[in-house]
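Participant: sequence first, then the predicted structure, then my questions.
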Amino acid sequence: MTTGELSQWHASEPDNYLPPGLAAPRPWQDGLDTPYWDAIERDSLVVQYCDACDAHQWGPEWICHRCHKFDLEYVEVEPKGRIYSWERVWHPVHPALQASCPYMVVLVELPGADNVRMVGNLLGDPLRPITIGEEVEAVFEHHKDADPPYTLVQWKRAGD
């Protein structure tokens, strides 16, 4: 398959990451990340914030990464960021992703939250060139027909 054929094939695919056979994400049993899953279901992006030292952090932890206190809460942040790093995945990490390769994984820096970084998928043509620092916006991908329903945060280029 040529690059043009591959690009055309992916352009016709739905902007949807979890093909049949891949386990759906679930909140941790200890409840630490439940506020995150509840927020993205409402199309809101949240990260943890420490009142003691005025710092944002991601991923969810019981203790602040900076001051080691337990004064963390979830706060809403602007669902926009910039690409800090990226990887074009050619080899599937799970058999269910075989037909989805290549796909793009991005590390997104959130300027509105002390530049904490989140990993996610970049929607769209996986062969399109990427620029470090390129602006992206969150896309809340709802899977309401799943049992139980869930939402994923994906990323798209600003303006796409």
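Facilitator: That came in fine, so what should we check first?
Participant: any idea what the residue nearest the centre of the chain is bridged to?
Facilitator: Closest to where the C-alpha atoms of the chain average out (Cα atoms, centre = their mean) is residue 120, at 3.1 Å. Assessed by DSSP bridges, residue 120 has beta-bridge partners residue 106.
Participant: hmm, who's touching the helix or strand that contains residue 151?
Facilitator: Here residue 151 sits within strand 150-157, counting by DSSP states H and E. Around strand 150-157, the neighbours that count as contacts under Cβ atoms under 8 Å, 6 or more residues apart in numbering are 15, 17-18, 24-26, 37, 40-41, 45, 79, 81, 106, 108, 118, 120-124, 134-143. All C-beta spots, glycine's among them, are computed from the backbone N, C-alpha and C.
Participant: where strands are concerned, which of those residues count?
Facilitator: Applying DSSP state E to the contacts of strand 150-157, the entries found in strands are 45, 81, 106, 108, 118, 120-122, 135-143.
Participant: out of those, which are buried?
Facilitator: Burial by neighbour count, 16 or more other Cβ atoms under 10 Å: within these this picks out 45, 81, 106, 108, 118, 120-122, 136-141, 143.
Participant: which two among those residues are spaced furthest apart?
Facilitator: Farthest pair in these (Cβ to Cβ) is 81 and 143. Separation: 22.7 Å.
Participant: centre of the chain to stretch 29-46, how far?
Facilitator: Here the centre of stretch 29-46 is set off from its chain's centre by 13 Å, with Cα atoms, centre = their mean, to the nearest Å.
Participant: show me which positions of it end up buried.
Facilitator: 33, 35-36, 39-40, 45-46.
Participant: so for that stretch, mean pLDDT?
Facilitator: Stretch 29-46 carries an average pLDDT of 95.
Participant: then that stretch to CSV, C-alphas only?
Facilitator: The C-alpha coordinates for stretch 29-46 follow below in CSV (Å, rounded to 0.1, in the frame of the first residue of the first chain):
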residue,chain,number,x,y,z
GLN,A,29,-11.4,1.0,42.0
ASP,A,30,-10.1,3.3,44.7
GLY,A,31,-12.1,6.2,43.1
LEU,A,32,-9.1,8.5,42.7
ASP,A,33,-9.8,9.3,39.1
THR,A,34,-13.6,9.2,39.2
PRO,A,35,-13.9,13.0,39.1
TYR,A,36,-11.9,13.0,35.8
TRP,A,37,-14.2,10.4,34.2
ASP,A,38,-17.3,12.3,35.4
ALA,A,39,-16.0,15.6,34.0
ILE,A,40,-15.1,14.3,30.6
GLU,A,41,-18.6,12.8,30.3
ARG,A,42,-19.8,16.4,30.6
ASP,A,43,-17.2,17.6,28.0
SER,A,44,-15.1,19.2,30.7
LEU,A,45,-11.3,18.6,31.1
VAL,A,46,-10.0,18.5,34.7
